[in-house]
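Q: what's the 3D shape of this:
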Amino acid sequence: MYNVTRPHLNDAFQAVMIRGHLRMHIAGMKHSRMSGTKILAAASSITGKPYKRGQYQAALNDIQAFIKENTNA
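A: So this is what the prediction gives:
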């Protein structure tokens, strides 16, 4: 199990994982347990912006901006 000792990095770690899911979804690889709707809902919970069906690129751009401003990546 992965445990983050600094809570502010928990969102950054989750954002990196969601970024990977978004990239794979945009490329056409579907995740068997995480639908596109769930991916967008997770991105929305991190960025605070609502996304509608098909707005994967917009979500990816917002997640990348979130990662850039909250980490050193």
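
Q: distance between the longest helix seen in the chain and the chain's centre?
A: In the chain, with assignment by DSSP state H, the single longest helix is helix 7-27. Averaging C-alpha positions (C-alpha atoms, centre = their mean, to the nearest Å) puts helix 7-27 4 Å from its chain's average.

Q: What separation is there between residue 32 and residue 13?
A: Distance, residue 32 to residue 13, by C-beta to C-beta, to the nearest Å: 22 Å. C-betas here are computed from N, CA, C, even on glycine.

Q: oh sorry, the question was meant for residue 21
A: Per C-beta to C-beta, residue 21 is found 13 Å from residue 13.

Q: Show me what the strand or helix carrying residue 43 is packed up against.
A: With elements taken from DSSP states H and E, the one containing residue 43 is helix 36-47. Helix 36-47 sits against helix 7-27, helix 56-70, with contacts defined as 3 or more C-beta pairs under 8 Å, 6 or more residues apart in numbering; DSSP states H and E.

Q: residues of that helix that come out buried?
A: For helix 36-47, burial by neighbour count (16 or more other C-beta atoms under 10 Å) applies to 36, 39, 40, 42, 43, 44, 46, 47.
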